[in-house]
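> have a look; sequence and predicted model below, questions after that.
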Amino acid sequence: MCGIVGYVGHRQAVDVVMAGLRRLEYRGYDSTGVAVAHEGRIASAKKAGKLANLDAVLAESPLPAATTGIGHTRWATHGAPNDANAHPHLDSEGRVAVVHNGIIENFAELRAELEAAGHELVSETDTETVAHLLHDELKVTPDLPEAVRAVCRRLEGAFTLVITDAQQPDVVVGARRNSPLVVGVGEGEMFLGSDVAAFIDHTREAVELGQDQVVSITKDGFEVTGFDGSPAQTKAYHVDWDVSAAEKGGFDWYMLKEIAEQPQAVADTLLGRHTTDGRLQLDEVRLSDDELREIDKIIIIACGTASYAGLVAKYAIEHWTRIPCEVELASEFRYRDPIIDRSTLVVAISQSGETMDTLMAIRYARQQRARVLSVCNTNGSTIPRESDAVIYTHAGPEVAVASTKGFLSQVVACYLLGLYLAQVRGVKFGDEISQIIAELEKLPAGIQRMLDEGQQVRDLAADLVGKRSFLFLGRHVGYPVALEGALKLKELAYVHAEGFAAGELKHGPIALVEEGLPVFVVVPPHGRDQLRDKVISNIQEIRARGARTIVLAEDGDTDVERYADTLIRLPKVPTLLQPLVATVPLQIFACELAVQLGYDVDQPRNLAKSVTVE
Ligand code: F6R
């Protein structure tokens, strides 16, 4: 997730902006940049890598003294994380500088229009189009806020923009659609930030901007309007968090913050990938339609939580594409002499893009001439770089070791892949694909509901705090949800937890069931009645043996009520989408149990965020 800082005041803007960017480092980034308005020109510096690299650039060629500036830490989405793509982006005359967080969906059209009109764009980013559009707009509408509003009305997608105009150095303008932007209100100085951490060293008075709003800050105040110029309502608040809480958005743990970000992570991963006429366009899939039509087998390789995302995806991909799909642990893959060739599509799922087991597996797959597509959250990391194609999840950086928003966005990205393959191979009609996409687009609301109802699960965790053993059961896509629920609990709360396919229980694990053993069971939705009935029988079997049943079932499923000691309600969604809502309470439960036990939720013992050894 990019970090943004804007400043107008009486101090050296470069110092304030650089300090703000340092406070935003926790958001994760791959390049940085800063710009100041000075004597009618923009002076800027930007660099790939960490802020220390930008420090070195500034030490060598300091920016001029100025009291207005903007800065950015970039988490790459469009274009590699290199110097050219780092923000700020300037127009061709170096009059305006723009930093941006989000994805401008119609940037390809806008870029084509600008190039046809003679603009030369020097980066691969969507952001640069905004600088050039502003350049033209300022000729017609010289007032910066007005010009920004006019440009925003042309943009589609999600964006937070912060802009400085060298010819209007007393003002910095921000715009917000979907991605957050906060105003910091100081004495004789004003700030803009992706969150309050950007300015918490200077002021604790903040104003939250709403959707589709434009703010202009001067050293003495700020003004907010809608994109149409009408005066807008804002919400002022006092920040009483300390600095470390501010970085976590007020949450006690990064993991909690990341769990709460899941509706956005899912929405962002879906953003801009299908047209209104129902066609999916996955621009990053650099395999031709002919190559995709040749595929006769898919092997998903991944580790840990990512492999469970793969297990969920297998059901959907096989169902939608009718291509056989296997899921294999990356660490096992190349040691079993797998049968793969040019017509095999190997799909590597990795949040970090650096997991050594997965990397070695794709290297092996490519040696065997398989085509490799990665699903990854980290632009420019090694796994996507070594793949033939990539679909990026747009979850933003995951800081907590335990993966949460990574998992949900991986499932969504794999679903997009499955639908794309179905489209290219002609096994699904456009309207069928549109219908599934429409269901996927409803998910953020369903996930939000699971978050809103999280207190039930937190109370349950408090109640079960002394238990040392837990089971998780599910069938079909509920099975990987059970595996993921158990993994989260093991890694965070250090208790024995196992996930099983509910039908396997009677083949051995049922011997573990004893009086009071907590067992989570994911019940398939109505419409999968055969499957559902079997799971309900499984609940009865364990209950008869004394298990304490915690049942996750959709709204309106009354049959399960009498077998559930605790009933967690899920919104009604199609079967294949149920994992995206059912996983959320299990994440909250594991996190809360670990908190109750006094463990470090973000850095569980013995674990690393990115496992770069085999
Ligand atoms: C569990 C977890 C790990 C990772 C696994 C793969 O919460 O985070 O199991 O899912 O190490 O990591 P990536 O996705 O970075 O390849």
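Thanks, I have the structure now.
> now the residue of the stretch 501-614 of the chain found nearest the ligand: closest residue in space that isn't a chain neighbour?
Per CB to the nearest ligand atom, the residue of the stretch 501-614 of the chain with the smallest distance to the ligand is Val611, at 5.0 Å. C-beta here means a position set from N, CA and C on the backbone, and glycine is covered the same way. Spatial nearest neighbour of Val611, excluding adjacent residues (CB to CB, 6 or more residues apart in numbering): Thr355 at 5.4 Å.
> out of the helices and strands in the chain, which is least certain?
Sorted by mean pLDDT, DSSP states H and E, the helices and strands of the chain end with helix 243-247, the least confident at a mean of 76.
> so what's His72 bridging to?
Ile4, Gly33 (DSSP bridges).
> thought it was touching Leu24?
No - taking CB atoms under 8 Å as the definition, His72 is not a contact partner of Leu24, at 9.2 Å.
> overlap in contacts, these two.
Any residue near both His72 and Leu24 by CB atoms under 8 Å, 6 or more residues apart in numbering counts here, and that gives 3-5.
> which residue is nearest the middle of this protein?
Centroid check for the chain by CA atoms, centre = their mean gives Ala395 as the closest residue, at 0.7 Å.
> re the thing from before, neighbour count for His72 and Leu24, which is higher?
Ranked by neighbour count (other CB atoms under 10 Å), His72 and Leu24 place His72 first, with 31 against 25.
> which of the shared contacts of His72 and Leu24 sits closest to Asp252?
Asp252 lies nearest to Gly3 out of those, by CB to CB, at 21.0 Å.
> and for the closest one, the neighbour number?
Residues within reach of Gly3, counting by other CB under 10 Å, total 27.
> again with the one 4 residues further on
Neighbour count of Tyr7, defined by other CB under 10 Å: 35.
> isn't it right next to Leu21, touching?
No - in this structure, Tyr7 is not within contact of Leu21 by CB under 8 Å, at 11.1 Å.
> find residues that contact each of the two.
Counting by CB under 8 Å, 6+ apart, Tyr7 and Leu21 have no shared contacts at all.
> hang on, the earlier thing: which of the shared contacts of His72 and Leu24 lies closest to Ala150?
Ala150 lies nearest to Ile4 out of the shared contacts of His72 and Leu24, by CB to CB, at 21.0 Å.
> list the contacts for the closest one?
By CB under 8 Å, 6+ apart, Ile4 lies in contact with 24, 70-72, 99-101, 160, 162, 174, 181, 192-194, 198.
> still on that earlier bit, of the shared contacts of His72 and Leu24, closest to Tyr254?
Gly3 (14.9 Å).
> for stretch 83-92, what is the distance to the chain centroid?
Centre-to-centre, stretch 83-92 and its host chain are 24 Å apart (CA atoms, centre = their mean, to the nearest Å).
> and it, end to end?
Distance across stretch 83-92, first residue to last, is 17 Å (CA to CA, to the nearest Å).
> buried residues in it?
In terms of neighbour count (16 or more other CB atoms under 10 Å), stretch 83-92 has its buried residues at 85-91.
> residues near Lys572, how many?
By the criterion of other CB under 10 Å, Lys572 has 15 neighbours.
> that one and Pro524: what is the separation?
Lys572 is 12 Å from Pro524, where distance means CB to CB, to the nearest Å.
> with Leu287 instead?
34 Å.
> quick one on the thing from earlier: just the shared contacts of His72 and Leu24 now: which is nearest the ligand?
The ligand lies nearest to Gly3 out of those, by CB to the nearest ligand atom, at 21.5 Å.
> for the closest one, give me the pLDDT.
Looking at Gly3, its pLDDT reads 90.
> residues contacting it?
Residues near Gly3 by CB under 8 Å, 6+ apart: 21, 24-25, 27, 29, 72-73, 101, 193-194, 198.
> please, which helix or strand holds Val375?
strand 371-376 (DSSP states H and E).
> and after that strand, which helix or strand comes next?
Downstream of strand 371-376, the first helix or strand assigned by DSSP H and E is helix 382-385.
> for that following helix, which positions count as buried?
Quick answer for helix 382-385 (16+ other CB under 10 Å): 382-384.
> so among these, where is pLDDT lowest?
Thr382 (86).
> what sits against that residue?
353-354, 359.
> can you narrow those down to the ones near the ligand?
Counting by CB under 6 Å from any ligand atom, the subset of the contacts of Thr382 that neighbours the ligand is empty.
> quick one: which of the residues you listed is most hemmed in?
In these, the most neighbours by other CB under 10 Å go to Gly353, 25 neighbours.
> quick check, Leu473 in a strand?
Yes - when classified by DSSP: H, G, I helix; E, B strand; the rest coil, Leu473 is found to be part of a strand.
> bridging residues for it?
For Leu473, the beta-bridge partners under DSSP bridges are Phe500, Val521.
> right, and it touches Leu505 too?
Yes - with contacts counted by CB under 8 Å, Leu473 reaches Leu505, the gap being 6.6 Å.
> toward the C-terminus, what is the element adjacent to the helix or strand containing Arg149?
Following DSSP H and E, one finds Arg149 within helix 144-152. As assigned by DSSP H and E, the chain's next helix or strand after helix 144-152 is strand 157-165.
> just checking: what are the partner strands of that following strand?
strand 96-104 (antiparallel), strand 172-177 (antiparallel).
> distance from the chain centre to that strand, please.
20 Å.
> secondary structure class for the residue lying closest to Lys442 once chain neighbours are set aside?
With CB to CB, 6+ apart as the criterion, Lys442 has its nearest non-adjacent residue at 7.5 Å, and that residue is Val573. Under three-state DSSP, Val573 falls in the coil class.
> count the neighbours of whichever residue of the chain sits closest to the ligand for me.
Going by CB to the nearest ligand atom, the ligand is nearest to Gly304 of the chain, at 1.9 Å. Residues near Gly304, counting by other CB under 10 Å, number 23.
> cool, thanks, talk later.
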